[in-house]
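[1] Return a 3D structure for these sequence lines:
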Amino acid sequence: MVKLAGGAYLIVLGVRALLQARHDVSEATTSTVASPPGSPWRIGLVSNLLNPKIAVFYTGLLPTLAPSGLPPQLGMALLVLAHAALTLGWLGGYVLVLARSRAFFDRPAVRRAMNRIAGVVPIGFGLRVATSQP
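    Presented below is the predicted three-dimensional model:
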């Protein structure tokens, strides 16, 4: 019963997205996306501090990767700096790609296609969930 309800819910979400996509394309290009209140830096910091995966990584996995030839504090400091540099590089590159692609994604035809995909995908997942065998 739960499987069927979950599948039906996904299908309903997909149909609603498709119906809404027919009306929102012209409005979407003129409106701005509401951002959460607060500084982006503070939001990111709080998000990382409250992320249990980061806590597990830093307390459980990172110490096992520390070089044995260095004092533990220095080895951990180097690993934390390497992790921070890799994260900054990855997210910085991600921001650059998204900033440069904004003009492409603001085109009405591209928006319509993305909205259609965002409606069809949940319908497909819903059908798959509802018809899957245990």
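[2] tell me the phi and psi of residue 68?
    Dihedral pair for residue 68: phi -80, psi -20, per degrees, to the nearest 10.
[3] Oops, could you answer that again for residue 132 instead?
    For residue 132, the backbone dihedrals (degrees, to the nearest 10) come out as phi -70, psi 150.
[4] Model confidence for it, exactly?
    pLDDT, residue 132: 88.
[5] what's the answer for residue 16, then?
    The model's pLDDT for residue 16 equals 89.
[6] can you check residue 5 too?
    With respect to pLDDT, residue 5 scores 91.
[7] so which strand or helix has it?
    Using DSSP states H and E, residue 5 sits in helix 2-28.
[8] Flag every buried residue along that helix.
    Buried positions in helix 2-28, judged by neighbour count with 16 or more other C-beta atoms under 10 Å: 7, 10-11, 13-14, 17-18, 21, 25, 28. Using the backbone N, CA and C atoms, a C-beta is placed for each residue, glycine as well.
[9] Who are the packing partners of that helix?
    helix 108-131 (3 or more C-beta pairs under 8 Å, 6 or more residues apart in numbering; DSSP states H and E).
[10] Show me what the helix it packs on is packed against.
    helix 2-28, helix 72-105.
[11] any idea which of the ones you listed scores lowest on pLDDT?
    Mean pLDDT is lowest for helix 2-28 out of the helices and strands packed on helix 108-131, coming in at a mean of 82.
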